[in-house]
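Trainee: sequence and predicted model, in that order:
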Amino acid sequence: MASKIDTALSDTLPDKEIEEQQRTAQDDIYIDPAAEKALLRKLDRWIVPPVMLLYLLSFLDRVNIGNARLYGMEEDLGLTGDQYQIAVSVLFVTYILSELPSNLVIKKFTPSRWIAFITTAWGIVATLTGIVQDYKSLVACRVILGALEGGLFPGLTIYLTMFYTKREYALRIGYLFSSDQMHKEDVYAGLKDWKIWLFCIGQFGGDVILYGYSTFLPTIIRGLGDWSIAQVQALTIPCYALGAISYIAVAWLSDRSQRRAVFTVIFGLVCTTGYAILVSTAPGGVKYFGCFLAAMGFNNPRYGKRTVATGLQLTIGNSAGIPAPFLYKTHEGPRFVKGHAVSMALIAMSSVIYLSFWAFFRHQNKRKMAGKEDHRVQGLTEEEAEELGEHNPRFHYTY
C-alpha cells in the first residue's frame, strides 16, 4: 500500500513536497507506551540472557588461567620468571588488534553468523588449551583465543542496536561500538577532541582493575589465609557476585536518572578504599572485605563521533590488559603491595577525571541555558546547526 501511495505522489507532487509529507506522516505515528514497555520486557527476556551468557563465557575463557594457576599449572608446564604473566598478557595484544577487522567482517557476514563462528572457534581453542604441554603451546593458544574473542564485543553491541533505542543502551551494555555511518570528519573531530583522550585515560585506569583483579583474585585471596584450593575458589564467588549485582544496579539507576559521573565517582572511591585496605597490614579477614570493595568498582551527540570516542576507549581500555598481569608478579606475593598500590592510584586517577568532567559538563550546560552559546548558530540552517555536534547550543551534555 505504501509503495502505491508513494508512486501516486511522485506523479503529482515535487520531490521536496513528497519528502515533507512522508516526514510528517512518520512524525504522526503513535506508539502505545504500554505496548512499548511490554515489547521491551519481551526483548529483555529473549535477547539479553543469551548475550550475557556469551560474554560471560568469553570472559571466563580469558581469566580462567588465574584459577588454573591454583591447581599447579606453572609447575606442570615448567613456567619460570614472568612466563605466566606473559601468557596472561599476550591474549590482549591480539584481542585489541582483531577488533577493527572484526567490524569489517561483521558488515560482510552479519552479526549472527559472525558471533556463531567465533564462539564455536574459541570454544575449540579453549578446550585445546587444557592439553598443552609447554610454555610455547600455552602462548599460542592464548594468542589465537585473543584474536577470536576480540570480535565478540563489537558483534554483540551491533546486534543489540537492532533491538534497543539510545536511552536503553546503558542497561543492556556498558558502551556502544559500531563502525556504520562514520565519516572522515567524525574521525578527525574525535581524534582532536581532548575530552575523548581524557576519557580514554580514565577508561585505562578502570580496565587495569578489571583485568588485574579478575585474573589474579584467586591468587590474592590465597595469600590472605591458610585455605585449601577449593575454599579459595569458593571465596572468589561472593566478590564476583557483588561486582555483577552492583554493575547491573548502577546501570539501571544510570538509565533511569540519566546521570553517569556521580555513580562512576562514588564507586571509584569505594574501589580505591578497597585497594587501600589490601595495601595495609590489616588481618586477612579485613583484607577479604577489601576485595569486596574493590569489586564494586553519551556525551557526544553525533553518532559518528561517538563511535570514534567509544572505539578509542575500547582500544585504549583493553590495552590495560597487557601491563595488568605484570602488577602481580609471583615473587611479590602474597601481599602484592606494588600491584595493589598501582591499581589504587589508577582508579583514584579515573575518579578524579570523571569528577572533573562532571564539573565541566555542568558548567557548559549552564552556559548554553543562559544563551551564551547562541551565537554559534546565527545564520545557520537546521542541518548546519546539527553538524556543530556538541557545540550546538541545543545540545546538553549528560553527566
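Mentor: On my side now, so go ahead. Residues are numbered from 1 along each chain as shown.
Trainee: show me where pLDDT drops low in the stretch 51-200 of the chain?
Mentor: 164-191 (pLDDT under 70).
Trainee: would you map out the domains in this protein?
Mentor: Domain assignment for the chain, taken from automatic domain parsing, gives 51-163, 184-370+384-399.
Trainee: can I get the ones you listed in TSV including mean neighbour count?
Mentor: (Each C-beta comes from the backbone N, C-alpha and C, glycine too.) Output for the domains of the chain, formatted as TSV (neighbours: other Cβ atoms under 10 Å):
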stretch	mean neighbour count
domain 51-163	18
domain 184-370+384-399	18
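Trainee: out of those, the one nearest Lys42 is which?
Mentor: Of all these, domain 51-163 sits nearest to Lys42, with 10.1 Å by Cβ to Cβ.
Trainee: before we move on, the earlier item: JSON lines for the domains of the chain, including distance to Lys37?
Mentor: Formatted as JSON lines, those follow (distance: least, Cβ to Cβ, whole Å):
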{"stretch": "domain 51-163", "distance to Lys37": "14"}
{"stretch": "domain 184-370+384-399", "distance to Lys37": "14"}
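Trainee: of those, which is nearest Arg41?
Mentor: Closest of those to Arg41 is domain 51-163, at 12.3 Å (criterion: Cβ to Cβ).
Trainee: picking that back up, relative to Leu40, which of the domains of the chain is closest?
Mentor: Leu40 lies closest to domain 51-163 among the domains of the chain, at 9.0 Å (Cβ to Cβ).
Trainee: and Pro33, which of the domains of the chain is closest to it?
Mentor: domain 184-370+384-399 (15.6 Å).
Trainee: can you pull the pLDDT of Val232?
Mentor: pLDDT, Val232: 91.
Trainee: correct me if wrong: it contacts Leu70.
Mentor: Yes. Using Cβ atoms under 8 Å, Val232 makes contact with Leu70 at a distance of 6.2 Å.
Trainee: so Lys195 touches Ser356, yeah?
Mentor: No. Lys195 lies out of contact with Ser356 (Cβ under 8 Å); the separation is 10.2 Å.
Trainee: how much space separates Ala251 from Pro101?
Mentor: Ala251 sits 29 Å away from Pro101, going by Cβ to Cβ, to the nearest Å.
Trainee: with Leu346 instead?
Mentor: According to Cβ to Cβ, Leu346 stands 29 Å off from Pro101.
Trainee: which secondary structure element is home to Ile201?
Mentor: Take DSSP states H and E as the rule and Ile201 turns out to sit in helix 194-222.
Trainee: tell me the contacts of Asp134?
Mentor: Counting by Cβ atoms under 8 Å, 6 or more residues apart in numbering, Asp134 makes contact with 77-78.
Trainee: cool, and Ile65?
Mentor: Neighbours of Ile65 in contact, by Cβ under 8 Å, 6+ apart: 73, 87-88, 142, 215.
Trainee: what do you get if the cut-off is 6 Å, keeping everything else the same?
Mentor: For Ile65, the contact set (Cβ atoms under 6 Å, 6 or more residues apart in numbering) comprises Val88.
Trainee: check Ser58 too.
Mentor: Neighbouring residues of Ser58 by Cβ under 6 Å, 6+ apart: 149, 152.
Trainee: okay, and it sits in which element?
Mentor: According to DSSP H and E, Ser58 maps onto helix 48-63.
Trainee: can you name the next helix or strand after that helix?
Mentor: helix 65-70.
Trainee: after that following helix comes which helix or strand?
Mentor: Using DSSP H and E, the helix or strand that follows helix 65-70 in sequence is helix 73-77.
Trainee: after that next one comes which helix or strand?
Mentor: helix 83-97.
Trainee: against Leu278, how distant is Ile65?
Mentor: 21 Å.
Trainee: and Leu217, by the same measure?
Mentor: Noted for Leu217: a distance of 11 Å to Leu278, by Cβ to Cβ.
Trainee: gap between the helix or strand containing Val265 and the chain center?
Mentor: Assigned by DSSP H and E, Val265 belongs to helix 261-279. Centroid separation for helix 261-279 versus its chain: 18 Å, with Cα atoms, centre = their mean, to the nearest Å.
Trainee: nearest residue to Glu86 in space, please, no chain neighbours.
Mentor: In this structure residue 86 is Ile, not Glu. Of all residues not flanking Ile86 in the chain, Val139 sits nearest, at 7.0 Å (Cβ to Cβ, 6 or more residues apart in numbering).
Trainee: does the one you found belong to a helix, a strand or coil?
Mentor: Three-state call for Val139 (DSSP: H, G, I helix; E, B strand; the rest coil): helix.
Trainee: what's the separation between it and Ser228?
Mentor: Val139 is 30 Å from Ser228, by Cβ to Cβ.
Trainee: residues touching the closest residue to Phe216 other than its chain neighbours, list them.
Mentor: Nearest non-adjacent residue to Phe216, counting by Cβ to Cβ, 6+ apart: Tyr328, 4.5 Å away. By Cβ under 6 Å, 6+ apart, the contact set of Tyr328 is 216, 336, 339.
Trainee: return the per-residue confidence for Tyr328.
Mentor: At Tyr328, the pLDDT value in this model is 90.
Trainee: again with the one 5 residues further on
Mentor: Looking at Gly333, its pLDDT is 82.
Trainee: hang on, it packs against Arg222?
Mentor: No. Using Cβ atoms under 6 Å, Gly333 is not in contact with Arg222; the gap is 8.3 Å.
Trainee: and the helix holding Ile201, what does it pack against?
Mentor: Where contact means 3 or more Cβ pairs under 6 Å, 6 or more residues apart in numbering; DSSP states H and E, helix 194-222 is packed against helix 65-70, helix 229-257, helix 303-318, helix 337-369.
Trainee: just give me the closest of the contacts of Tyr328 to Val352.
Mentor: Minimum separation from Val352 among those (Cβ to Cβ) is found for Gly339, which lies at 20.7 Å.
Trainee: spatially nearest residue to the closest one, not counting backbone neighbours?
Mentor: In space, and not counting its chain neighbours, Gly339 is closest to Leu327: 3.7 Å by Cβ to Cβ, 6+ apart.
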